[in-house]
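# Give me the fold of what follows.
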Amino acid sequence: MSYPSGVDLSAILKRLDAYERLTRLDKPIGTLLLLWPTLWAVWLASRGSPRLDVVIIFALGTLLMRSAGCAVNDFADRDFDPHVERTRGRPLAAREIGPAEALAVGAALAALAFCLVLFLNRFTIALSVVALAVAASYPFTKRFFALPQAYLGIAFGFGIPMAYAAVLDRLPAECWALLAANVFWSIAYDTEYAMVDRDDDVKIGIRTAALTFGRYDVAAVMLCYAAMLAILTGLGAALRLAWPYFAALAAAGGLMLYHYFLIRGRTRAGCFKAFLHNNWVGAVIFAGVVLSFPVRIAWR
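Now for the predicted structure:
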């Protein structure tokens, strides 16, 4: 196969690979941790019968916004990432692409996500602007906020109020309870993530929950997991969800207990494995939410 004169295919492929790594398309865990609570909200707000178009919009929007957020995050951390073992190979840190280029990629992805939201109601569109502001500002909270993981929980959970707005055109109390549960979950799993980089973060002056909690980091993670499960249990009772939901919460609790054994030694490998394993926590809870509604109907 021949290519037009002057076209360097290898350079194009290399740039596309850099964009893929910039937007973390090669590492879907972040998208999944955003997607699960969003889908919890879509199903709960719809009482188990969501519209297909709403599910598709939120699934694609989650992917696009997570990718846009990664580009902004790497722009914000471009002077820090070269000094962290886990991040020094990122495209901006390795100077494979420039800062302005990374911002352009992030802006383009955010614009595509906004186009999807235009198919929803005005309330959801208005909330999407707030969501963008929260997501774009999160990377900078690591400079001054002792618990940026809590802010991340709001950023990662903003699909929850948006889902309720899209389905119900209002934000009931259950929406805020679900968001609170997600904040505790985010603190737990992102503290595990931060424990991987603890030594590097001390050197460069980044604020993280792992440093704030200090020697109580493992206990803090488990307490946040417990708070998340307590809120979700109360929510399930208030909504009268069926037994699959509570069985899923019990299974999620078992997974969290497994995380304790992974992180108690504070090894990089164990903490990172626990972080990645949170995908299954979110998936199990989602399965419980979905199965609860047909079971509840069958029992009537």
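# Quick one: low-confidence residue ranges for this structure.
Residues of the chain that meet the criterion pLDDT under 70 lie in 1-8, 200-205, 300.
# How far does the host helix or strand of residue 190 sit from its chain's centre?
Per DSSP states H and E, residue 190 falls inside helix 173-196. Between the centre of helix 173-196 and the centre of its chain there are 9 Å (Cα atoms, centre = their mean, to the nearest Å).
# what packs against it?
Here helix 173-196 touches helix 29-45, helix 148-157, helix 159-168, helix 209-213, helix 217-239, helix 243-263, helix 268-299, going by 3 or more Cβ pairs under 8 Å, 6 or more residues apart in numbering; DSSP states H and E. Bear in mind the C-beta positions are built from the backbone N, C-alpha and C, glycine included.
# count of residues packed around the closest residue to residue 103 other than its chain neighbours?
Distances taken as Cβ to Cβ, 6 or more residues apart in numbering put residue 75 closest to residue 103, at 5.6 Å, once the chain neighbours are dropped. Other residues within reach of residue 75, judged by other Cβ atoms under 10 Å, total 20.
# Distance from the chain centre to the host helix or strand of residue 75, please.
Using DSSP H and E, the element containing residue 75 is helix 52-76. From the chain centre to the centre of helix 52-76 is a distance of 10 Å (Cα atoms, centre = their mean).
# Report the buried residues of stretch 162-170.
162, 163, 164, 165, 166, 167 (16 or more other Cβ atoms under 10 Å).
# How far does it sit from its chain's centre?
On Cα atoms, centre = their mean, the centre of stretch 162-170 falls 20 Å from the chain's centre.
# Please list the outside residues in contact with it.
With contact meaning Cβ atoms under 8 Å, 6 or more residues apart in numbering, stretch 162-170 is reached by 38, 41-42, 45-46, 50, 54, 57-58, 117, 120-121, 123-124, 127-128, 131, 171-172, 175.
# Could you pick out the buried ones from the residues you listed?
38, 41-42, 45-46, 50, 54, 57-58, 117, 120, 123-124, 127-128, 131, 171, 175.
# And the residue lying closest to residue 178 once chain neighbours are set aside, how close does it get to residue 171?
In this structure, residue 178 finds its nearest non-sequential neighbour in residue 160, 5.2 Å apart by Cβ to Cβ, 6+ apart. Relative to residue 171, residue 160 is positioned 9 Å away (Cβ to Cβ, to the nearest Å).
# now residue 268
Taken as Cβ to Cβ, the span from residue 268 to residue 171 is 40 Å.
# Pull out the buried residues from the helix or strand harbouring residue 135.
According to DSSP H and E, residue 135 maps onto helix 122-141. Along helix 122-141, these residues count as buried under the neighbour rule (16+ other Cβ under 10 Å): 123-125, 127-128, 131-132, 134-136, 138-139, 141.
# any chance of those in JSON lines, plus distance to residue 252?
Shown next, in JSON lines, are the buried residues of helix 122-141 (distance: Cβ to Cβ, whole Å):
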{"residue": "123", "distance to residue 252": "31"}
{"residue": "124", "distance to residue 252": "28"}
{"residue": "125", "distance to residue 252": "33"}
{"residue": "127", "distance to residue 252": "27"}
{"residue": "128", "distance to residue 252": "29"}
{"residue": "131", "distance to residue 252": "26"}
{"residue": "132", "distance to residue 252": "30"}
{"residue": "134", "distance to residue 252": "26"}
{"residue": "135", "distance to residue 252": "26"}
{"residue": "136", "distance to residue 252": "31"}
{"residue": "138", "distance to residue 252": "25"}
{"residue": "139", "distance to residue 252": "29"}
{"residue": "141", "distance to residue 252": "27"}
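# Looking at those, spot the one nearest residue 14.
residue 139 (25.5 Å; Cβ to Cβ).
# give the contact list for that closest one.
Shown in contact with residue 139 (Cβ under 8 Å, 6+ apart): 72, 73, 75, 76, 77.
# before we move on, back to that, between helix 52-76 and the helix holding residue 135, find me the angle.
In terms of direction (axes from the mean of the first three to the mean of the last three Cα atoms, to 10 degrees), helix 122-141 departs from helix 52-76 by 20 degrees.
# so residue 195 makes contact with residue 210?
Yes: when contacts are counted by Cβ atoms under 8 Å, residue 195 is listed as touching residue 210 (4.6 Å).
# Mind listing the shared neighbours of the two?
Residues touching both residue 195 and residue 210 comprise residue 217, with contact defined as Cβ under 8 Å, 6+ apart.
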